[in-house]
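1. Give me coordinates for this.
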Amino acid sequence: QVQLVESGGGLVQPGGSLRLSCKASGIIFSDYFAAWYHQAPGKSRELITSITSSGTQYYYDTVKGRFTITRDNAKNTVWLQMNTLVPKDTGVYFCYLGLTPDRDYWGQGTQVTVSS
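-> Have a look, this model is predicted:
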């Protein structure tokens, strides 16, 4: 059974930092493309950053320079380091692992609230 367990969300003040983690089980993690999506209140889920199995990263413009995605294939984990958070970063963050169209998985989502 495949499981993706996210952790690390919470309430943070503007300018603060959070680190999200997503630990996978039941798959060969190193084979999978990994990504983080952000779903702001009332909006659709959007890709913000991704990392290939070999470590090539992509960042959407709104998070470039503030967020960092990393992975450790030995630990079956992908992280999202979020710095200089702003209120627009508020929402639910989902991790995603994909290999083929019928072999992709989502985490349960973790809430991040940026507010003073």
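
2. Please make it C-alpha for all contacts and neighbour counts, starting now.
-> Will do.

3. Spit out the contact partners of the one residue sitting closest to the centre of the chain.
-> Note on the chain: the residue nearest the mean C-alpha position is residue 36, at 3.0 Å, using C-alpha atoms, centre = their mean. Residues in contact with residue 36, defined by C-alpha atoms under 8 Å, 6 or more residues apart in numbering, are 47-50, 80, 93-96.

4. What is the end-to-end distance of stretch 49-64?
-> Using C-alpha to C-alpha, to the nearest Å, one end of stretch 49-64 lies 9 Å from the other.

5. ok so, going back, name the element the residue nearest to the centre of the chain belongs to?
-> strand 33-39 (DSSP states H and E).

6. Could you do residue 80 as well?
-> Using DSSP H and E, residue 80 falls in strand 77-82.

7. So which of the contacts of residue 36 are in strands?
-> In this view, the contacts of residue 36 that belong to strands under DSSP state E are 47-50, 80, 93-96.

8. Quickly name whichever of these is closest to residue 10.
-> Closest to residue 10 out of the ones in strands among the contacts of residue 36 is residue 93 (10.9 Å), distances taken as C-alpha to C-alpha.

9. For beta bridges, what are the partners of the closest one?
-> residue 38, residue 110 (DSSP bridges).

10. tally of neighbours for it?
-> Using other C-alpha atoms under 10 Å, residue 93 has 27 other residues around it.

11. Check residue 53 too.
-> 17.
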